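**Q** my questions are about this predicted structure, shown below with the sequence.
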Amino acid sequence: MKLFYAPTSPFARKVRVAAHEIEVGDRIELVLVNPWSDAELRSLNPLAKVPTLVRDDGQVLFESALICEYLDHLAAGGLYPAPGEARWSALLRQGIADGVNAAAGRLFADEHRSSNERSNGVMQRQAAAIEAGLDRLERDAGTLSEGLADIGAVSVACALGYLDFRWPDRAWRSGRNGLARWFAVVGQRSSMVATQHRSP
Ligand SMILES: N[C@@H](CCC(=O)N[C@@H](CS)C(=O)NCC(=O)O)C(=O)O
């Protein structure tokens, strides 16, 4: 399989961390691309976004949530609890973490636009989504898996890692001791260390 990715993408990192945790990483060839300019990526995925997975049979999957579920199915990985509260909680966490990442990505991009190309109102809305999303995750931080054993925990770890990458000085840990303590542990896992963000 080939995974088209960018080293700055928290969604691509989520797939890579999940693959590592369920031990399917060695079946994936990584293809580094710039999603803004890569013509092959556009030909595979009409949205030209990373992550995009080309399966061994040539079929193409995109959307990190789908790719993670596909890999988990291939590897019988167990990142998805059976239908019930544990599953709803894991998928809700994935949704919140992905939303935080989407807001953080837009905010970071806006911060690098000139003041006449950006809207303060939109930027405030993205910042509010990040803060409120983190507060919501903090509420149940005590039940997050320290083994990154489900897709919710993988997703939350990648969202926190992305904030540290984009804004090393942003005090997201302040008032969020549960998330901070948890991330200090899971951030050391080999899946997280092997997939650290870096500027291309
Ligand atoms: N919902 C998508 C989001 C993917 C996404 O937004 N990827 C960004 C990089 S973090 C991207 O490829 N952006 C390029 C673009 O928007 O053209 C997923 O979960 O895979």
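**A** Thanks, I have the structure now. Numbers count the residues shown, from 1 in each chain.

**Q** tell me the buried residues in stretch 125-138?
**A** By 16 or more other CB atoms under 10 Å, the buried positions in stretch 125-138 come out as 126, 129-130, 133-134, 137-138. No exception for glycine: its C-beta is placed from N, CA and C like everyone else's.

**Q** nearest to the ligand among those residues?
**A** In terms of CB to the nearest ligand atom, no member of the buried residues of stretch 125-138 lies closer to the ligand than Gln126, at 13.5 Å.

**Q** how much space separates that closest one from Ser9?
**A** Here Gln126 is placed at a distance of 17 Å from Ser9 (CB to CB, to the nearest Å).

**Q** now, the most widely separated pair of the buried residues of stretch 125-138?
**A** Largest separation among the buried residues of stretch 125-138 by CB to CB: Gln126 and Glu138, giving 18.8 Å.

**Q** give me the pLDDT value at Gly147.
**A** Note on Gly147: pLDDT of 94.

**Q** who's in contact with it?
**A** Contact analysis of Gly147 by CB atoms under 8 Å, 6 or more residues apart in numbering lists Ala153.

**Q** look up how far the ligand lies from it.
**A** Gly147 sits at a distance of 23 Å from the ligand (criterion: CB to the nearest ligand atom, to the nearest Å).

**Q** got it, and Tyr70?
**A** 12 Å.

**Q** I'd guessed that residue sits against Gln59; true?
**A** No - counting by CB atoms under 8 Å, Tyr70 sits too far from Gln59 to count as a contact (9.6 Å).

**Q** look at the two and report which has more neighbours.
**A** Tyr70 (16 against 9; other CB atoms under 10 Å).
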